[in-house]
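J.: heads up, no residue letters with this:
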């Protein structure tokens with residue numbers, strides 16, 4: 001007998017992505033990668049410190065990579081979505097779609 005899949009099961013939602021700011025970061029990076037730190041900060045409406053904290057969580061999960069470089073003499077931080085991050089994002093979206101479909 002096969003187990004019935006519960007369409008309302010929330011336990012496999014990726015907590016690394018699910019926070020509001022991290023959700024915005026992942027959405028933006030899925031369209032624009034790499035993104036310059038200041039541009040990303042403005043797009044997700046975060047402070048520098050708040051964005052840094054959320055990026056650290058995504059970096060620890062392997063979803064983003066932070067690149068520090070110089071543009072001329074000015075330091076610049078770029079945020080890249082990794083291959084694992086893109087896969088996690090697509091899996092997250094599929095799980096959200098399944099929940100929405102179940103609710104309809």
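T.: Sure, I can see it. Bear in mind the structure is a predicted one, so any value in this text is a computation, not a measurement. Numbering: from 1, shown residues only.
J.: low-confidence stretches in the chain?
T.: Across the chain, the ranges flagged by pLDDT under 70 are 1-4.
J.: quick one: residues contacting the residue most central in space within it.
T.: By CA atoms, centre = their mean, the chain has its centre lying nearest to residue 26, at 2.6 Å. Counting by CB atoms under 8 Å, 6 or more residues apart in numbering, residue 26 touches 17, 58, 63, 81, 85, 88, 89, 92. To be clear about C-beta, it is placed using only N, CA and C from the backbone, and glycine gets the same treatment.
J.: go again using 7 Å as the cut-off
T.: 17, 89 (CB atoms under 7 Å, 6 or more residues apart in numbering).
J.: now do the helix or strand it falls within: distance to the chain's middle.
T.: Residue 26 belongs to helix 20-31 when elements are defined using DSSP states H and E. On the basis of CA atoms, centre = their mean, to the nearest Å, helix 20-31 sits 5 Å off its chain's mean C-alpha point.
J.: buried ones in it?
T.: Neighbour counts using 16 or more other CB atoms under 10 Å place 21, 22, 23, 24, 25, 26, 27, 28, 29 of helix 20-31 among the buried residues.
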